[in-house]
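>>> sharing a model prediction with you, sequence too.
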Number of protein chains: 2
Amino acid sequence: MPVVDVHTHVYPPAYMALLRSRGEVPYVRSFPDSPNPMQERLVILPAEDTASTSRGRPIGPEYYDINQKLAFMDTHSIDISVLSLANPWLDWLPADTAAKTAQEINDDVNAMCALHPERLYAFGTLPLSAKAGDIVAEIARLNTLDQMRGVIIGTSGMGAGLDDPALDPVYAALEAHGQIIFLHPHYGLPSSVYGPRAGDYGHVLPLALGFPLETTIAVTRMLLSGVFDRFPKLSVLLAHSGGTLPFLAGRIESCIEHDGHLHGQPGFKSRRSVWDVLKNNVYLDAVAYGKAGLKAAVEVSGADRLMFGTDHPFFPPLDEGQEKWMSVSTNEQAVATTFDGDKEIVDAVMGGNAVKMLKLVKTSS
Amino acid sequence: MPVVDVHTHVYPPAYMALLRSRGEVPYVRSFPDSPNPMQERLVILPAEDTASTSRGRPIGPEYYDINQKLAFMDTHSIDISVLSLANPWLDWLPADTAAKTAQEINDDVNAMCALHPERLYAFGTLPLSAKAGDIVAEIARLNTLDQMRGVIIGTSGMGAGLDDPALDPVYAALEAHGQIIFLHPHYGLPSSVYGPRAGDYGHVLPLALGFPLETTIAVTRMLLSGVFDRFPKLSVLLAHSGGTLPFLAGRIESCIEHDGHLHGQPGFKSRRSVWDVLKNNVYLDAVAYGKAGLKAAVEVSGADRLMFGTDHPFFPPLDEGQEKWMSVSTNEQAVATTFDGDKEIVDAVMGGNAVKMLKLVKTSS
């Protein structure tokens, strides 16, 4: 059974060219006055755009050189990667050029994968700032690209969240074409929630808590707005094992059942429960860095809906001498020890589930 | 083995009198022009203080009549309750009267429990707006009140969060007196994080997500600031099974290990891991409304640190004809089904762990 990584990011050359051409967030540039004047830096959030010479984070070929991705895969015995653009995707594009840019980016990623058709697949990126018709057209077009296996989207949707009724044609098209949504955070939470000493704690609070909470809020809004009632065949792969959704599912369902306001609404009695959606629409990556998260994930969605991922190129080893990444080993180890030694389930989580769900059939060359 | 409820709230008479005497948040009053002019309403958050005649929520004797608490316990076969003030506790008191008010409130709660000394115990409430010396004095005084078994605090601490170094004397006193902290949310998250349609979803988003996320952020800040390194014997009981901490523990630990800024700090190498703190300082209530949350809770802290709770008087049945509360049954059922039928573990979670940890020895009358 192959090992499949469903959570692994890339900035393809066409996207890098776009970022390098820009002067405002998001952008890539070097800072000639900095201690490392040749080092390109990536700035993707307005809050990162304030320091004088060290804005954002260093960005190197690990983000855009597909040979580095393949080397990483070899080091970690990963047979197949399903690539996705890293945030912030195309959320920020001017509306009038978004559709055309999305085509170029998706073609670029597809071509990159097609060089290694048995090892590389991808989630497409949607022009969410374009008109709904253009988004729907790109979904249809993605079905014609051999290596594409769904789409990655953030929590903003068309700008008003994933519970925005304006997204209904998009959900309808994704459902009709059988394309899974890989739902991934980017925006985090307002920095005020982390308190006055957050800066002392490096990036831990926004990365460890803000990202998962953003995902949880977004998918709960989808649930509450009835997206899964209107599109019962829609599939969603939630990043980071669902943010915190598996853990909070019981509390969410209980709060819904105890809310007098919701009980008075039409359709309440026929609504699908959180449990139903988790077992029939939701897939979870196994990027939880421990058994506790995986146990909750399996409890709510089943081991057959859990899929290994790495989050590469994020969380590299701090010590450059290490060849295997601790972030990857931690997730591998969590999968290996969660299922009481049942090798069949471990193999399914490490790759079998993804092969089946994403139809990663080996092509003949 | 008795059934013990460690998460059950009360507004004692002295606290009700205080709330009824006030004209600003938090307060209790009736609204003569409203459809229900005799109904008292409780307003505890500024955001609730805006409607004309229906601010806040109805409040009745279920909050302050101890006979209703005892009847609820009888209905649900709960032998012992460890009462705590409901939020917002005493966080908002003027500094100059806080210490005296806290004494009155704690004496009132203790006297209420002393009427039923084998059935009612309580967590005390601290005057956190007073000087540290006054807070420490009240902690020492709580040890002289027969029914007191620790303290409840919110996430604000002395106003700057639970990672505030000004709290060190408070933590030192709690550790020295062996008093557990029951950590409970109140403030939630900024309403902007819930998006433009949050009002359509009743109270679900702030209640189901905001509360647990607030707890998770607060305790993660304690971890990151080294509270548990400086006070290795400090015990904390986290409300709602830890918010989302059990699920996110792996991600938090991984983010710490991968953070270059933190690695450079003194004491980093000798820091206690998240796993260590979860197994040795943290207790969790079993208020997760499902097996997924409990499985994660048990994985990180152990079944011997999990304790049944109800969150009474919150989440009453919407249908007044129901005698047993669904919110209680859901949590009972989750405990009953999480441990593969091991009655010894179920009994421990339903009461034995609390009896042992909180020294709920039956007194002779």
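Nice, I can see it.
>>> who touches the residue in the stretch 251-365 of chain A positioned nearest to chain B in this structure?
Closest to chain B within the stretch 251-365 of chain A is A:Gly290: 2.7 Å, counting by CB to the nearest CB. Any C-beta I mention is one placed from the backbone N, CA and C, and that applies to glycine too. A:Gly290 makes contacts with A:Thr330, A:Ala334, B:Ala249, B:Gly250, B:Arg251, B:Glu253, B:Glu299, as judged by CB atoms under 8 Å, 6 or more residues apart in numbering or on different chains.
>>> and it, what are its phi and psi?
Dihedral pair for A:Gly290: phi 170, psi 160, per degrees, to the nearest 10.
>>> A:Thr220 too?
phi -70, psi -40.
>>> show me where pLDDT drops low in chain A?
Applying pLDDT under 70 to chain A flags the ranges A:52-53, A:362-365.
>>> what ranges does it have for its strands?
Under the criterion DSSP state E, chain A carries strands at the ranges A:4-10, A:27-30, A:40-43, A:57-58, A:80-85, A:120-125, A:148-153, A:180-183, A:236-238, A:282-285, A:306-307.
>>> which outside residues touch the first one?
Strand A:4-10 is contacted from outside by A:63-64, A:66, A:69, A:73, A:78-86, A:109, A:112, A:182, A:237, A:239, A:285, A:287, A:307-314, A:350-351, A:354-355, A:358, A:360, using CB under 8 Å, 6+ apart.
>>> now do 6 Å
A:78, A:80-84, A:86, A:285, A:287, A:307, A:309-312, A:351, A:354 (CB atoms under 6 Å, 6 or more residues apart in numbering or on different chains).
>>> ok, which stretches of the stretch 1-150 of chain A are helices?
A:13-20, A:66-75, A:95-114, A:132-142 (DSSP state H, counting those that start in this stretch).
>>> enumerate the residues of the stretch 201-350 of chain A near chain B.
A:201-202, A:204, A:207-209, A:213, A:217, A:221, A:224, A:244, A:246-247, A:249-252, A:254-256, A:258-262, A:288-293, A:295-296, A:299-300, A:315, A:318, A:330 (CB under 6 Å from any CB of the partner chain).
>>> how about the nearest residue to A:Ile252, chain neighbours excluded?
Excluding its sequence neighbours, the residue lying closest to A:Ile252 (CB to CB, 6 or more residues apart in numbering or on different chains) is B:Ala208, at 4.4 Å.
>>> quick one on the thing from earlier: out of the contacts of A:Gly290, which is nearest to B:Pro117?
Closest approach to B:Pro117 among those (CB to CB): B:Glu299, at 36.4 Å.
>>> that closest one against A:Ala292, yeah?
Yes. Contact between B:Glu299 and A:Ala292 holds when scored by CB atoms under 6 Å: they sit 4.0 Å apart.
>>> higher neighbour count, the two?
A:Ala292 (27 against 22; other CB atoms under 10 Å in any protein chain shown).
>>> circling back: which residues touch the residue nearest to A:Ile252?
Per CB under 6 Å, 6+ apart, neighbours of B:Ala208: A:Arg251, A:Ile252, A:Cys255.
>>> swap in A:Thr155?
A:Thr155 neighbours (CB under 6 Å, 6+ apart): A:Glu214, A:Ala218.
>>> one more time with 8 Å, if that's ok
A:Gly161, A:Leu162, A:Leu183, A:Pro185, A:His186, A:Tyr187, A:Glu214, A:Thr215, A:Ile217, A:Ala218.
>>> quick revisit: out of the contacts of B:Ala208, which sit inside helices?
A:Arg251, A:Ile252, A:Cys255 (DSSP state H).
>>> for these, give me JSON lines that also has neighbour count.
Formatted as JSON lines, the ones in helices among the contacts of B:Ala208 follow (neighbours: other CB atoms under 10 Å in any protein chain shown):
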{"residue": "A:Arg251", "neighbour count": "26"}
{"residue": "A:Ile252", "neighbour count": "26"}
{"residue": "A:Cys255", "neighbour count": "27"}
